[in-house]
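In: what's the 3D shape of this:
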Amino acid sequence: MIYSCSNNDGKHLLEVKNIIRCEGVGNYTLIHCLESNPLSFSKTLLIVEEELQKYNSFVRIHRAHLINVEYIACVSRKDGGTIRLKSGEEFAIARARRAEVKKMIDAYCTDQSKDNTE
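Out: Alright, predicted model coming up:
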């Protein structure tokens, strides 16, 4: 699956499975992918979130962070709730988003379990 977005460098076609996370910085979004530097786009994180929603693998954990659940290594209760990515990066889960994050991760794990038993 391909996510298409444009910036001053031109049009980028990103493999959705390679998008680790998206970070909102004002009216811009930094998209962090495997094996590349972050790409900056003049879209708000809300717009990027809406565009990636159809892939069912991204969860908004904070006003500034959208995470691909495939790259989550651990969800911890420490410091009110944090997510650690496979890369070792840690991000706080906003209190208002904890239930949504739990639901999304549980649904993802259930789907993965089904895929592994088939």
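In: enumerate the positions of stretch 67-82 that are buried.
Out: Using 16 or more other CB atoms under 10 Å as the test for burial, stretch 67-82 gives 67-72, 75, 81. In short, each C-beta sits where N, CA and C put it, glycine included.
In: what is the rounded mean pLDDT of that stretch?
Out: For stretch 67-82, mean pLDDT is 89.
In: contact partners of it?
Out: For stretch 67-82, contacts defined as CB atoms under 8 Å, 6 or more residues apart in numbering pick out 16-17, 19-21, 57-61, 83-87, 90-93, 95, 98, 101-102, 104-105, 108.
In: any of the residues you listed buried? List them.
Out: With neighbours counted by 16+ other CB under 10 Å, the contacts of stretch 67-82 contain buried members at 16, 19-21, 57-61, 83, 85, 91, 93, 101, 104-105, 108.
In: about what we covered before: out of the buried residues of stretch 67-82, who's nearest residue 26?
Out: Among these, residue 67 lies closest to residue 26 (CB to CB), at 19.4 Å.
In: do you know how far that closest one is from residue 31?
Out: Computed with CB to CB, to the nearest Å, the distance linking residue 67 and residue 31 is 12 Å.
In: shared neighbours, those two?
Out: Here residue 67 and residue 31 have no joint contacts, going by CB under 8 Å, 6+ apart.
In: what segments of this structure are helices?
Out: Along the chain, counting by DSSP state H, helices occupy 45-52, 98-117.
In: need those in JSON lines with mean pLDDT and distance to residue 2, can you?
Out: Putting these into JSON lines (pLDDT from 0 to 100; distance: least, CB to CB, whole Å) gives the following:
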{"stretch": "helix 45-52", "mean pLDDT": "96", "distance to residue 2": "12"}
{"stretch": "helix 98-117", "mean pLDDT": "78", "distance to residue 2": "21"}
